[in-house]
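> Need a 3D model of the following:
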Amino acid sequence: MGGTYELFGVAAALLEEVNMVPVDVGEHLTRKSPDDDAGSCLARLVTALQEAKDAAAKQGVQAHQDGTGIVVPDGN
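This is a model prediction of the structure:
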C-alpha cells in the first residue's frame, strides 16, 4: 500500500503539468473490474497523465485531453 501513497504525489505533479478535464480524471480512477483497487486505479491515472505529457512533448505544444481522452493543443 506504500506505493499507492507515492502515486498521489506523482499524480499531483503530473496534474500540474497536464490539463486533463475532471471527467477524464474520474474515468481513470473508476474501477474497471472487481480486481481493481485504489492502487491500480491511481496507477492507471498516472499512466494516462504521463502519456498525455509525452504526447504534448512530441507535439512541442502545451496540450490537454479533450472529453474523448484525445490529446489536443490548448487554445484550439
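
> Tell me who's in contact with the most centrally placed residue in the chain.
Central residue check for the chain by CA atoms, centre = their mean: the C-alpha nearest the mean position is that of Leu49, 2.9 Å away. Applying CB atoms under 8 Å, 6 or more residues apart in numbering, one finds that Leu49 lies in contact with 11, 14-15, 18, 20. Where C-beta positions appear, they are placed from N, C-alpha and C, glycine not excepted.

> can you pull out the strands in this protein?
Assignment of strands within the chain using DSSP state E yields the ranges 19-20, 63-65, 71-73.

> Give the buried residues for stretch 11-19.
Within stretch 11-19, the residues that qualify as buried by neighbour count (16 or more other CB atoms under 10 Å) are 11, 14, 18-19.

> what's the neighbour count on the nearest residue to Val10 once chain neighbours are set aside?
For Val10, the nearest residue in space outside its immediate sequence neighbours is Val46; the separation is 5.3 Å by CB to CB, 6 or more residues apart in numbering. When counting by other CB atoms under 10 Å, one arrives at 19 neighbours for Val46.
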